[in-house]
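> Test case, fold it:
(chains A and B)
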Amino acid sequence: MSLLEIDDLVVRYPGRRRGRSFTAVDHVNLDVRPHETVGLVGESGSGKTTIGRAVLGLAPVTSGRIRYDGQEIQSLTRAQRRPLAARIQVVFQDPYTSLNPAMTVEDILSEPLRAAGWSRATARGRVVELLDQVGLPTGAADRFAREFSGGQRQRVAIARALALEPELIVCDEPVSALDLSTQDRVLQLLVDIQERTGVAYLFVSHDIGVVRHISHRVAVLKQGRLVEFGKCAQVTSRPEHAFTEELLLASPVADPGRQRERREMRLAHRERTSATSMSPITIQRSAP
Amino acid sequence: MSIEISAQAMDAPNRPSTFRMILRNPLSRVGVVLLVVVMCALVAAIVMDWVAPDAPWSADLYHLNEAPGTDGHLLGTDSGGRDVLSRLVVATKATMFSGVIALVVAMLLGLPGGLVAGYYGGRIDMALDWLSSMVMSLPSIIVLLAIVSSLGTSMWISMTALGCMMAPAVFRLLRAQVHAVRNDLYIDAAKVAGLSDLRIIARHVFRVVRGPLVLMVSVMAGVAITVQTGLDFLGLGDSTTITWGGMLGEGFAAMSANPVLFVWPGLAMAVTVAAFFLIASGARDALQRTDGGAAAASRSKATHLKPVPASSDAPPGADDVLAVRGLTVGYPSGGEVVEVVRSANLTLRRGHTLGLVGESGSGKTQTAFALLDLLPRQAMLTAGEVWLDGTEILRLAPRDRARRVREAIAYVPQEPMSNLDPTFTIGYQLIEPMRARGVGRAEARDRAVALLSRMEIRDPERVMKSYPHQISGGMAQRVLIAGAVSTEPRILIADEPTTALDVTVQSEILDLLRSVQEEFGMSIILVSHDLGVIADLCDDVAVMRDGQVVETAPVEEFFARPRHEYSRMLLDAVPDENHVRPDYVEARSARQGAHTGEAHR
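Residues are numbered from 1 along each chain as shown, chains lettered A, B, ... in the order given. Here you go, the predicted structure:
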């Protein structure tokens, strides 16, 4: 049985004044099972982040259903959602704006605990545990988030997400702002945590290489629509859809010889599909 | 697991609070000293009220307009024979109190209004904004005079009215501040964590605005006291309370008989207002320093150029279009120089691409800026040589160096959007640099259109007329490459040119760079942390770490047999393509282990 079921989800933003409305997510069906990582991959504007935000109650759902553990959550008010805070959590992309620069790490980590009714002393104990869990020293608790590097900040953000021991964490491009070697360590941390705690991830990324590394199943999105959803190995090795193949070929490999091959395949692929699909070079209307 | 900061460093938290920062500032220190003087007077006034309530009122008709220093009257007496010093001290109370009334009213109205309007936006915001605009459009002095003449001279009434007039300023400041942080991700994270709006506003939003609020409160205190004094001076105040304004008025009336009388209340006013304004300026300086003083550092040219001949490194060959030998760049920090680039050696072969690899803070961008002659003013080029087409340019006069660099080297930045001016059309931004080099308007235009279509932009005429916000990030990067190529450079330095773009757009931009390089015969330095991008475009690779070039190699060699330990570490960090997670197995009981947190309560 699935933990999270997204059923025919539509998120549409009304246009300003007479402008046209913008459909960010267009009839998408997805599900995440307990202890599973589902990767959401696509270009910017593909709606992958919006799906994550809709699950978190941060984006308005136009139609469709989001069921969590059997319960419909798409139209809950903020107050009604509060019990879900202990079950669904988030790690955002930008570790610089996702942590309040004016708060200490202890304040940041104990905030969800205090909101859930923990006492100050027990929260403090949990903060020490959390820091240990994400590989930060205990002394970090008294420092400000702004004193840390990007990778360390992302560890703090992961610790905050883990505070209430959720069953699902929405990870919105959690490593794309990090250096390569830091990226690798944070991904490994996420896998370790999953193996220890059994948490499920909805993992949003534009980098199919990263998604392939961490996901059990992968969903590919294009312009708000789901083009492919299946087992990671199958989607990322033998894609059925031309767009998935395009994404795979565009992702550069750290090997000059293979990258040259890939480049040639990419050009051949582009020529094959250019007859059917629009060129990606189109001018955008002013943003809605 | 490796940790970037050692545990020891973590044990010594060093965090000057905002308020301590304000107190450290010399301006606000003077302000605080002055404020302490005023506060002493205030305490004295309260004590006098209690010990000798009649002192400021008792008139000695035999000693009118006595000079300062007369026996028993340190500051003399006024035209009514009353002691000036005791009146001056007692007046502190009423004057300060008037300021407090105005401030409290302004805060009570402006603070919640600004927080709520800024946080929720929408209709509440519109209504409150409209209201505040209306109040701001009223001429405040005339309104105050009308209120005083119709409702009476009580200080309560006039200062409450003044508070209402000042409230929009508080409202606007807070609303703008809250607007700026409202969409920050930490607010979203707090929502997901289950915090109520009230708690989010109190914990997260208020922390951001309290700094600017300190500044505003001290300025407004000064303004309120000045206005109150003005009203009393004009005789519109309550004649039964002693205020500095009232004393000023009396002194003005007795100007010919006792000119010194005018000085004391004026001085008291000046000291008080100066105290508030000095604290405010100190607060502003302190806040600016915490909010990114580094970013404010000017980007004008490095002035501390002291090139020292490099060691016995091989001189550049005839085919090396750009060669760097022993380049060292440092920044002064607390009396010593911190080196961000240390004895770097690089060689760019003609018509080839050199990849500069490293993680953030490795000095790769600083090296690129040094080559572009774009280092900030405080940067110090302490050693090294840069050979451009066989000429060592660091020893040239700054103007010659700048000219040579501009002629030969073009730059493509990481963030395409922030490198286009939002107020000008794309066409203007492409044409102007060519015009500055003496190309005619029509020719520059034609060349710009031709370049845009060369960059595989479909409708160049339309793009020429567009503003930067109307085009996508990938398109903006094409425009910037067109701009870089328009000056026909021999060398292109691209600093993470595709990091901000999608992978599909990234591959197109890389293809574009490759074909442009072939057509124009350019040499490229590509700065990147992405080894896939390096593998795609580069012929040679240089790896930087902590300001040093640790390895230089042809690209095939580098990926096949990395020599330096750090290069191997970087390559190991690339996600292994053949690694896929083991198949999903039905979870060992979904909620097992979950919510053990309840046990902690």
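> What's the first helix or strand after the top helix by length along chain B?
Longest helix in chain B, counting residues (DSSP state H): helix B:84-120. Where DSSP states H and E defines the elements, the next helix or strand beyond helix B:84-120 is helix B:122-137.
> Next, the buried residues of that following helix.
Of the residues in helix B:122-137, B:Asp125, B:Leu128, B:Asp129, B:Leu131, B:Ser132, B:Val135 count as buried by neighbour count, 16 or more other CB atoms under 10 Å in any protein chain shown. Using the backbone N, CA and C atoms, a C-beta is placed for each residue, glycine as well.
> dump the residue contacts of the second one.
Neighbouring residues of B:Leu128 by CB atoms under 8 Å, 6 or more residues apart in numbering or on different chains: B:Gly113, B:Val116, B:Ala117, B:Phe171, B:Arg175.
> Assumed A:Leu109 was part of a helix.
Yes. Under DSSP: H, G, I helix; E, B strand; the rest coil, A:Leu109 sits within a helix.
> Quick check: pLDDT value at it.
Reported pLDDT at A:Leu109 in the predicted model: 94.
> Distance check, the closest residue to it other than its chain neighbours against chain B.
Sequence neighbours aside, A:Val127 is the residue nearest to A:Leu109 in space, at 4.6 Å (criterion: CB to CB, 6 or more residues apart in numbering or on different chains). Separation of A:Val127 from chain B (CB to the nearest CB, to the nearest Å): 11 Å.
> quick one, what contacts A:Val127?
Taking CB under 8 Å, 6+ apart as the criterion, A:Val127 is in contact with A:Val105, A:Glu106, A:Leu109, A:Ser110, A:Leu113, A:Ala141.
> swap in B:Gly230?
B:Gly230 is in contact with B:Gly245, counting by CB under 8 Å, 6+ apart.
> Ok, the one 3 residues further on next?
Residues touching B:Phe233, when contacts are defined by CB under 8 Å, 6+ apart, comprise B:Gly245, B:Gly246, B:Leu248, B:Gly249, B:Phe252.
> Highest neighbour count among the residues you listed?
Neighbour counts for those peak at B:Gly245, which has 27 neighbours (criterion: other CB atoms under 10 Å in any protein chain shown).
> So that residue sits against B:Thr153, correct?
No. Using CB atoms under 8 Å, B:Gly245 is not in contact with B:Thr153; the gap is 11.7 Å.
> Need the overlap of contacts for the two.
Common neighbours of B:Gly245 and B:Thr153 (criterion: CB under 8 Å, 6+ apart): B:Gly237.
> Could you chop the chain up by domain?
Because you didn't say which chain, this covers chain A. Under the assignment named as automatic domain parsing, the residue ranges that make up the domains of chain A are A:4-236, A:241-277.
> oops, I was thinking of chain B
B:18-49+B:78-291, B:304-308+B:348-375+B:391-423+B:467-572.
> These: which one's closest to B:Pro68?
Proximity to B:Pro68 (CB to CB) singles out domain B:18-49+B:78-291 among these, at 6.4 Å.
> Might you name the residue of the stretch 51-200 of chain B sitting closest to chain A?
Here the residue of the stretch 51-200 of chain B nearest chain A is B:Gly194; by CB to the nearest CB that distance is 3.0 Å.
> With the stretch 401-550 of chain B instead?
In the stretch 401-550 of chain B, no residue comes nearer to chain A than B:Gly532, which is 2.8 Å away by CB to the nearest CB.
> Quickly note the distance from that residue to B:Leu492.
Distance, B:Gly532 to B:Leu492, using CB to CB, to the nearest Å: 20 Å.
> Now do the helices in the stretch 1-150 of chain A.
Assignment of helices within the stretch 1-150 of chain A using DSSP state H, counting those that start in this stretch yields the ranges A:48-55, A:78-81, A:105-115, A:120-133, A:150-162.
> does any part of the last one sit near chain B?
Right, helix A:150-162. Yes. When contact is scored as CB under 8 Å from any CB of the partner chain, part of helix A:150-162 falls within range of chain B: A:Gly150, A:Gly151, A:Gln152, A:Ala157, A:Arg160.
> since we're on the first one, how many residues are nearby?
When you say that, I think you mean A:Gly150. 19.
> same deal with the last one?
Summarising burial for A:Arg160: neighbours were counted as other CB under 10 Å, giving 29.
> cool, the third one as well?
The burial count assigned to A:Gln152 is 23, neighbours taken as other CB under 10 Å.
> okay but it is in contact with A:Leu136, surely?
Yes. In terms of CB under 8 Å, A:Gln152 counts as a neighbour of A:Leu136; the distance is 6.6 Å.
> Which residue does the stretch 101-250 of chain A have closest to chain B?
As assessed by CB to the nearest CB, chain B sits closest to A:Gly139 within the stretch 101-250 of chain A, at 3.2 Å.
> Tell me how far stretch B:263-276 lies from the chain's centre.
Distance, stretch centre to chain centre, for stretch B:263-276: 33 Å (CA atoms, centre = their mean, to the nearest Å).
> Kindly export that stretch (C-alpha atoms) in CSV.
Once side chains and other backbone atoms are set aside, the C-alpha atoms of stretch B:263-276 remain, and they are given as CSV (Å, rounded to 0.1, in the frame of the first residue of the first chain):
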residue,chain,number,x,y,z
VAL,B,263,20.7,79.1,25.1
TRP,B,264,19.9,76.6,27.9
PRO,B,265,16.7,75.0,26.5
GLY,B,266,18.2,75.1,23.0
LEU,B,267,21.3,73.3,24.3
ALA,B,268,19.2,70.7,26.1
MET,B,269,17.2,70.1,22.9
ALA,B,270,20.3,69.8,20.8
VAL,B,271,21.9,67.3,23.1
THR,B,272,18.8,65.1,23.3
VAL,B,273,18.1,65.1,19.5
ALA,B,274,21.8,64.5,18.7
ALA,B,275,21.8,61.6,21.1
PHE,B,276,19.0,59.9,19.2
